[in-house]
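Engineer: Here is my input; please provide its structure:
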Amino acid sequence: MSRQSAVQKELDPVVDAPQVGNIPEIRTKLPELAEIEDLARICQSNGTAKVEGIVDAFGFKFPIYSFTFGLGKWTDPTVAFIGGVHGLERIGTNVAISYLRTIVDLVHWDKGLQHLLGKARLLFLPLVNPAGMYATTRSNANGVDLMRNSPIDAEQEPNVPLLGGHRKSPKLPWYRGPAGAPMEQEAQILIEFVKRELFPSRFSLALDMHSGFGTVDRLWFPYAYSRRPFEHLPLMYALKTKLQRSLPNHVYIMEPQSLQYTTHGDLWDYIYLESQKTPTGHTLLPVTLEMGSWIWIKKNPRQLFSSLGIFNPVKPHRLQRTLRRHHALLDFLLRAVASHENWATVERVENEYRQRAMELWYGVKFD
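Structural biologist: Prediction:
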């Protein structure tokens, strides 16, 4: 039995997962999980749904689902769309589910998509922190902010107190967890998912969808713990160039996260550094979509009086508009990863784009 088959056998079948979406309270407070379970049941003929782990909290057993499309080898190009790391930021999970539902339908009849999935793998982990989303908290059930939970310390003290991660109390936001403790279950599930599914790929990209910062949508890449350029900087500039040419009217600002603020314990910094320890021939590009939720507040100031309103569009038409606007980005990323040989040749982008990237993002001038 191959390694991939062995892992699938270990994780399947989905029918063994607790179907909490059938519980009225869950369907009311966490409709996203109920919809994910519905999709897990109907996608089996053209994709694979797995339960990556089960979180026991608040009297429920919350399953964390992943979805896989594409029948290629593990070394094939792979893109993963991830949401729901922070329980308050439901819009990230909503975008992931919306695109997942589109894929579940298109894969039945769209020959173009079927051809694309013959040479690339498409993955979803749409709700990493179901207990936090159920409880309407940023953190998980233990009060830990999963995006501050890795063992990485910032090279310099983060420039925004508390926001950069702390160990003072789980009653305060951005709590990292106790020093020396194992990472939280949800963080470990995300890390193991990426290691298993993306590390073997010769070229992979993970898009983690968040909200809550600024009035414009940003595409952040490492590092969050350091202001130094990360190793695949030229590739990010190449991706930025392709995005601009392919979607010339897009709304995104692409930049290193450290240009805005630095943090302790960033999960994607940790995952990326772990990927660098693997044998050569593998490239992982972690990208965070940070949706600018302040624009929703500006248009509807009453959202400030709701914890969900600070991070999510409340008006139905704004929610629908947000779900629509990001589909083009996800489509672009799937195509870019599947065709990475045509734009991401390391020798080409290293010579052509490193200086431009350093000038744009780090203010380094070259003669």
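Engineer: all strands of the protein, in order?
Structural biologist: For the chain, strands defined by DSSP state E occupy the ranges 48-57, 60-69, 78-83, 121-125, 203-211, 217-221, 252-256, 283-291.
Engineer: so which of those strands is the most packed in?
Structural biologist: Here the criterion is mean neighbour count by mean count of other CB atoms under 10 Å, and of these the winner is strand 78-83, at a mean of 27. Yep, even glycine has a C-beta here, placed from its N, CA and C like the rest.
Engineer: Please name the residues that touch A34.
Structural biologist: By CB atoms under 8 Å, 6 or more residues apart in numbering, the contact list for A34 reads 21-22, 26-27.
Engineer: now, which of those sits nearest R138?
Structural biologist: The shortest gap between R138 and any of the contacts of A34 belongs to I26, at 19.9 Å (CB to CB).
Engineer: So the closest one versus Q185, what's the distance?
Structural biologist: Taking CB to CB, to the nearest Å as the measure, I26 falls 19 Å from Q185.
Engineer: try N249
Structural biologist: Relative to Q185, N249 is positioned 41 Å away (CB to CB).
Engineer: Who has more neighbours out of those two?
Structural biologist: Q185 (21 against 6; other CB atoms under 10 Å).
Engineer: Tell me who's in contact with that one.
Structural biologist: Q185 makes contacts with 53, 55, 140, as judged by CB under 8 Å, 6+ apart.
Engineer: Spatially nearest residue to R321, not counting backbone neighbours?
Structural biologist: In space, not counting the residues next to it along the chain, R321 is nearest to P313; the distance is 7.6 Å by CB to CB, 6 or more residues apart in numbering.
Engineer: Contacts only, for P200.
Structural biologist: Residues counted as contacts of P200 (CB under 8 Å, 6+ apart) are 74-75, 282.
Engineer: do that again at 6 Å, thanks
Structural biologist: Under the criterion of CB atoms under 6 Å, 6 or more residues apart in numbering, the contact partners of P200 comprise 74-75.
Engineer: Give me the phi and psi for it.
Structural biologist: In this entry, P200 is assigned phi and psi values of phi -70, psi -20 (degrees, to the nearest 10).
Engineer: what's the distance between it and V251?
Structural biologist: Look at P200 and V251: by CB to CB, they are 33 Å apart.
Engineer: same deal with V107?
Structural biologist: Relative to V251, V107 is positioned 27 Å away (criterion: CB to CB).
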